[in-house]
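**Q** Sequence and computational prediction follow.
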Amino acid sequence: MPRIRPVRWPVVAVPVIDPSLKPVADNDQTEVGPSRRLRRRPARADLMALGAYVLLGVLVCLNYWGDVQGRVSSHLPTDHSWFEWLFAHGAYSVRHLENPLFTMRQNAPLGVNMMANTSLLGVTLPLAPLTMLLGPQVMYALYLGGALAATAATSYWMLSRHLVQSRAAAFVGGAFLGFAPGVVHHANGQPNFVSNFLLPLIVSRVLRLGEPGRWRRNGLALGLLVAYQIFINEEMLLLTALACLVVVVAYAVQRPAATRAVAGTFAAALGLAGGVALLLTAYPIWFQFNGPQSYRGLQGGVFHNWGEDLAAFVTFPRDTLGGDPAVEQTIGLTEQNSWFGWPLVLVAVVAVVLLFRRSLAARITAVLMVVFTVAALGPRIRLGGEETTVNGPWHFIPDDLPMVEMMMPTRLTLVVAASVGVLLALAWDALTPAGRPVG
């Protein structure tokens, strides 16, 4: 059977910066806090950006689309087949009105707890009619490209409406967030890590929870988004929550007066969001941890050793012109979430240095990058494929700690990738003429 890989990445996952934080100078006396949204209709530039993202999605999946029925990912063929089966499972559950949280059509005679596994129910159930019409292979292929484009599009929306003035800057940032090296690498058989289109909306809503007079609406919207994301990818939701926590803390440290002014409203909205999400997902989550065939942890914590190699950050991704498959065998464990290449790392460092004093958003992004880079190093520092004697942060974390027991350190670098995308947008925006209107 022919095997393919998605083609070279054109330029994440999860935008992780306060959408209300416009770039400002330190000498600007205006307090930066939740700002009023700028309401505007989609412009021609917005439609062009969306069209470009769709074309990029097609480009990434083109090799696979050449023979949908006869090709699978050469990197993760078993995962590829599993996710195609998940589309069939969603269609079967809808057609026969079966409980989608459990199935006997795998692992007979014991069955499989679908909530305790990566099931993508938030996608496969709504798309069940199309799966019945087109088949799971075609539906999987179409969804893969669509999810990449959708993530870039929602990232563009968040950046252009709340963070930068230049649509070109928002386009660059959105393109990276949707098609970052690590994201495209996951497109080789793991569409759940490509399905990040709700995350920019979640982040945007989290960081607007302090808006006066809108706590009910913001809390309700956030609760609905979180509930839906649980049925797409809980791990990415957890990473996004951790990133938002770091952003909120970093903002509070730098703007204590503004934080105190909205703390009550923020807390009320956050409580409402948590209540709504819990109400909608209480039974599925209970089923995940207590239903038949449920389990806890990831193979005895073995994945906790999957820390990021320091050399990986300056290594070119496999699916690029500069990529080298031999290097992948040397420093790669299983994923390439932080394989940016040294030019991009250099650009990011220069952007941080130049924007650090003039932009609060850039400072928060820099904090986010440092925190999650360090956290992703795992229990033992690795360099160039060799494990050193230096302990990493995960060395001090118990393997059986709730929530942490189901995480892989290397995937924390997906937040770093998102931070790079935001930083690219901020840097590009800083190069545009000052005072350019947002609309």
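**A** Cool, the structure landed.
**Q** what pLDDT, on average, does stretch 66-76 get?
**A** Computed over stretch 66-76, the mean pLDDT rounds to 84.
**Q** Can you give me the end-to-end span of it?
**A** Start and end residues of stretch 66-76 are separated by 18 Å (Cα to Cα, to the nearest Å).
**Q** how far is that stretch from where the chain is centred?
**A** What separates the centre of stretch 66-76 from the centre of its chain is 24 Å, taken as Cα atoms, centre = their mean, to the nearest Å.
**Q** Can you list the buried residues in it?
**A** Val68, Arg71, Val72, Ser73, His75, Leu76 (16 or more other Cβ atoms under 10 Å). All C-beta atoms are positioned from the backbone trio N, CA, C, and that covers glycine.
**Q** likewise stretch 74-87?
**A** His75, Leu76, Asp79, His80, Trp82, Phe83, Glu84, Trp85, Leu86, Phe87.
**Q** Confirm the first one sits in a helix?
**A** No. Counting by DSSP: H, G, I helix; E, B strand; the rest coil, His75 is located in no helix; its state is coil.
**Q** quick one: it and His186 touch, right?
**A** No. His75 lies out of contact with His186 (Cβ atoms under 8 Å); the separation is 9.6 Å.
**Q** got a pLDDT number for Leu431?
**A** pLDDT for Leu431: 89.
**Q** Met407 now?
**A** Note for Met407: predicted pLDDT of 78.
**Q** Surely Val314 is in contact with Pro343?
**A** No. Using Cβ under 8 Å, Val314 makes no contact with Pro343, being 9.1 Å away.
**Q** neighbour-wise, which of these two wins?
**A** Between Val314 and Pro343, counted using other Cβ atoms under 10 Å, Val314 has the larger neighbour count: 15 against 11.
**Q** list the contacts for that one?
**A** Phe340, Gly341, Trp342, Val345 (Cβ atoms under 8 Å, 6 or more residues apart in numbering).
**Q** Which ones among the residues you listed map onto helices?
**A** Counting by DSSP state H, the part of the contacts of Val314 found in helices is Trp342, Val345.
**Q** now that we have the contacts of Val314, which one has the most neighbours?
**A** Result: Phe340 is most packed of the contacts of Val314 (other Cβ under 10 Å), 26 neighbours.
**Q** Give me the nearest residue to that residue, chain neighbours excluded.
**A** Counting by Cβ to Cβ, 6 or more residues apart in numbering, Phe340 lies nearest to Phe313, which is 5.9 Å off, once chain neighbours are set aside.
**Q** What of Leu110?
**A** Nearest residue to Leu110, sequence neighbours excluded (Cβ to Cβ, 6+ apart): Gln293, at 6.1 Å.
**Q** Assign a three-state SS to the one you found, would you?
**A** Using three-state DSSP, the structure places Gln293 in coil.
**Q** Give me the pLDDT for it.
**A** Looking at Gln293, the pLDDT reads 89.
**Q** In contact with it, which residues?
**A** Taking Cβ under 8 Å, 6+ apart as the criterion, Gln293 is in contact with Phe102, Asn107, Leu110, Gly111, Val112, Asn113, Ala116.
**Q** for the chain, what's the longest helix?
**A** Longest helix in the chain, counting by DSSP H: helix 256-290.
**Q** in that one, what's buried?
**A** Under the neighbour-count criterion of 16+ other Cβ under 10 Å, helix 256-290 has 258-259, 261-262, 265-266, 268-270, 272-273, 276-277, 280-281, 284-285, 287-288 buried.
**Q** Output the contacting helices and strands for it.
**A** helix 215-230 (3 or more Cβ pairs under 8 Å, 6 or more residues apart in numbering; DSSP states H and E).
**Q** Tell me who's in contact with the residue located most distally from the centre of the chain.
**A** Computed with Cα atoms, centre = their mean, the residue of the chain farthest from its C-alpha average is Pro109, at 35.6 Å. The contact partners of Pro109, taken as Cβ under 8 Å, 6+ apart, number zero.
**Q** In three-state terms, how would it be classified?
**A** Once three-state DSSP is applied, Pro109 turns out coil.
**Q** returning to that earlier point: and which of the contacts of Val314 is nearest Met407?
**A** Distance to Met407 across these (Cβ to Cβ) is lowest for Phe340, with 21.6 Å.
**Q** Isn't that closest one up against Val420?
**A** Yes. The criterion here is Cβ under 8 Å, and Phe340 meets it with Val420 at 6.8 Å.
**Q** what do those two both touch?
**A** With Cβ under 8 Å, 6+ apart, Phe340 and Val420 have common neighbours Ala348.
**Q** quick one on the thing from earlier: pLDDT on the longest helix of the chain, on average?
**A** Taken as a whole, helix 256-290 has a mean pLDDT of 95.
**Q** repeat for stretch 159-170
**A** The average pLDDT for stretch 159-170 rounds to 93.
**Q** what's the answer for stretch 129-145, then?
**A** The average pLDDT for stretch 129-145 rounds to 95.
**Q** buried set for that stretch?
**A** 131-132, 134-145.
**Q** what sits up against stretch 112-130?
**A** For stretch 112-130, contacts defined as Cβ under 8 Å, 6+ apart pick out 82-83, 86-87, 89-91, 93-95, 100-103, 106, 131, 139, 143, 191-192, 195, 228-233, 284-285, 287-289, 291-295.
**Q** now stretch 357-375, how far from the chain's geometric center?
**A** Relative to its chain's centre, stretch 357-375 lies at 17 Å (Cα atoms, centre = their mean).
**Q** Which element, helix or strand, includes the closest residue to Phe171 other than its chain neighbours?
**A** In space, and not counting its chain neighbours, Phe171 is closest to Ala49: 4.8 Å by Cβ to Cβ, 6+ apart. If you go by DSSP states H and E, Ala49 is part of helix 44-65.
**Q** packing partners for that helix?
**A** So helix 44-65, by 3+ Cβ pairs under 8 Å, 6+ apart, packs with helix 136-162, helix 167-179.
**Q** Thr103 is in contact with Leu86, isn't it?
**A** No. At 10.0 Å, Thr103 does not count as touching Leu86 under the criterion of Cβ under 8 Å.
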